[in-house]
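1. Got a sequence here, can you build the structure:
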Amino acid sequence: MRRESSAPWSRLDNAAKIFPSTVEGADTRVFRFSCELTDDIDPYVLQRAAENAAVSYPNFNVIMKKGLFWYYLESCDLKPQVSEESLPVCAAIYEDDVRSLLYRITYYGKRINLEVFHVLADGTGALMFLKTIVYRYIIYRYPELFGDCPPVLDDDASFSQKSDDSFRKYYDKSVKKRSVKMIKAFRLKSERLENNKLLVIEGFASVKSVIAAAHKYETSLTVFLTALYIKALSMEMPLQSRNRPIVINIPVNLRRYFPSETAKNFFGMISVQYNFTERSGEMEDIIAVVNEEFKKQLTKDNLAIRMNSLAALEHNPFVKIAPLPFKNEVLRIARKIGVKGETSVISNVGKVDMPKEFDGLIKRFSVFVSTQNIQLNICSYKDELQMGFTSSYAATDVQRNFFRSLTELGIDVTVRSNDSYAEKPLEGDDTSCSSAENAE
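-> Residues are numbered from 1 along each chain as shown. Alright, predicted model coming up:
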């Protein structure tokens, strides 16, 4: 690998190797976490908090460069520069031959945004970083509330643990790959937004009320929402496409199965498919299929096989010696083939915890992910469940179907679309949620 600098450098983790080559249109490979507070953001305090938090995450203080065979990350002395939000959600971050950080910190009104190029981290790693930023901001912004004994943030991982390449750590060449049969999934076909924009629509509901609805079907929140999403997508299937299954890919946090404190990428993927020509299409049946697939695929052994398949890319001798432009083209082609077997993605990053002393200062957290298709992203804070759709399509029928299904089950949902993210809110529908509002 040819390098022109003596600065410390590191390889991209196995998941990250795919992302630089597969940026396309609205799919910038960028995701956003936001934290909405109860007071307007002070940009000077946020700048101080961002710089302080960055010290605790050295793996974020890097730039990406091209080598002869792979991209690589190089440590740098750049500091994050906080600015008021002005770009569309999940706008591109990485530019060839531009020396810049691979994340962006912005604010708008009461909201702090962290956007990250997926090369740096997965959702868990990025959320760790945002929580540290928010923690520092609140401590600096309200010193009178905490005095000399501020609350402690649950983040005791060392620098080396946060920078650990857990894919490499857990790679086992003795684990045999499993052949995967390629299928052609149902894909939405709709008019795309101009200029690679993303349509962003998010709904908020009570965690307790959604869990209660899931328990009526004797299942978990994630299985329940996955089934509901499959149902919402099926309502937009033309008759001639119903022979193709709806295939939902679900990212899995591998830290729950393989001990790791890394703030880098460390996730796997499971896949759930439902064929409406072979099944009844009833909610109970969809849940049964999803539930069975979750049980079958969410095992350490199964995830190890998938994890090693991903890691095998780096260890393939032919791939190793191939020049970077060739690798880029191969990865782009592989991505184009792969998405044909995917209808959509649903990603649940889970519950966000912050010190209880911050109660009353934090209102909610949100998550969005760039996509060339449509994707549902979920997180929760206290009793508020955020369900954020990103879509490259102008139509909002799937989102409307999904939120209407929740309200038909007696769940109060508030839906909003921020005009700085997209041009169109939910159009012509005042029955899909209990209340609707535009974001600030």
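2. Export only the CA atoms of stretch 240-260, formatted as CSV.
-> Output of stretch 240-260 as CSV, limited to C-alpha atoms (Å, rounded to 0.1, in the frame of the first residue of the first chain):
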residue,chain,number,x,y,z
GLN,A,240,-48.3,-9.0,-11.6
SER,A,241,-45.6,-8.6,-8.9
ARG,A,242,-47.2,-10.7,-6.2
ASN,A,243,-45.3,-13.8,-7.2
ARG,A,244,-42.1,-12.2,-5.9
PRO,A,245,-41.5,-12.2,-2.1
ILE,A,246,-41.1,-9.1,0.0
VAL,A,247,-37.6,-9.4,1.4
ILE,A,248,-36.6,-7.3,4.4
ASN,A,249,-33.0,-7.1,5.5
ILE,A,250,-32.4,-6.4,9.2
PRO,A,251,-29.0,-5.2,10.5
VAL,A,252,-27.9,-7.0,13.7
ASN,A,253,-25.6,-5.6,16.4
LEU,A,254,-22.9,-8.3,16.7
ARG,A,255,-21.7,-6.9,20.1
ARG,A,256,-24.6,-8.7,21.6
TYR,A,257,-23.2,-12.1,20.5
PHE,A,258,-19.5,-11.4,20.4
PRO,A,259,-18.1,-9.3,23.2
SER,A,260,-16.8,-6.0,21.9
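3. Please identify the buried residues of that stretch?
-> Across stretch 240-260, burial judged by 16 or more other CB atoms under 10 Å covers 244-255, 257-258, 260. Using the backbone N, CA and C atoms, a C-beta is placed for each residue, glycine as well.
4. now, which of those residues lie within strands?
-> In strands, judged by DSSP state E, the following of those are found: I246, V247, I248, N249, I250, P251, V252, N253.
5. wait, what's in contact with the second one?
-> Same thing as V247. I183, A185, F186, S271, V272, Q273, G341, E342, T343 (CB atoms under 8 Å, 6 or more residues apart in numbering).
6. need the contact list for the residue nearest to it when sequence neighbours are not counted.
-> Among residues not flanking V247 along the chain, A185 sits closest, at 3.9 Å (CB to CB, 6 or more residues apart in numbering). Taking CB under 8 Å, 6+ apart, we find A185 in contact with R244, P245, I246, V247, Q273, K340, G341, E342, T343.
7. how about those in JSON lines, adding distance to V62 and pLDDT?
-> Shown next, in JSON lines, are the contacts of A185 (distance: CB to CB, whole Å; pLDDT from 0 to 100):
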{"residue": "R244", "distance to V62": "41", "pLDDT": "95"}
{"residue": "P245", "distance to V62": "40", "pLDDT": "96"}
{"residue": "I246", "distance to V62": "38", "pLDDT": "97"}
{"residue": "V247", "distance to V62": "35", "pLDDT": "97"}
{"residue": "Q273", "distance to V62": "38", "pLDDT": "96"}
{"residue": "K340", "distance to V62": "33", "pLDDT": "91"}
{"residue": "G341", "distance to V62": "33", "pLDDT": "92"}
{"residue": "E342", "distance to V62": "30", "pLDDT": "96"}
{"residue": "T343", "distance to V62": "34", "pLDDT": "96"}
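8. What distance do you get for D165 to P251?
-> Remark: distance between D165 and P251 (CB to CB, to the nearest Å) = 18 Å.
9. Could you do L193 as well?
-> 24 Å.
10. how about low-confidence regions in the stretch 151-300 of the chain?
-> 177-180 (pLDDT under 70).
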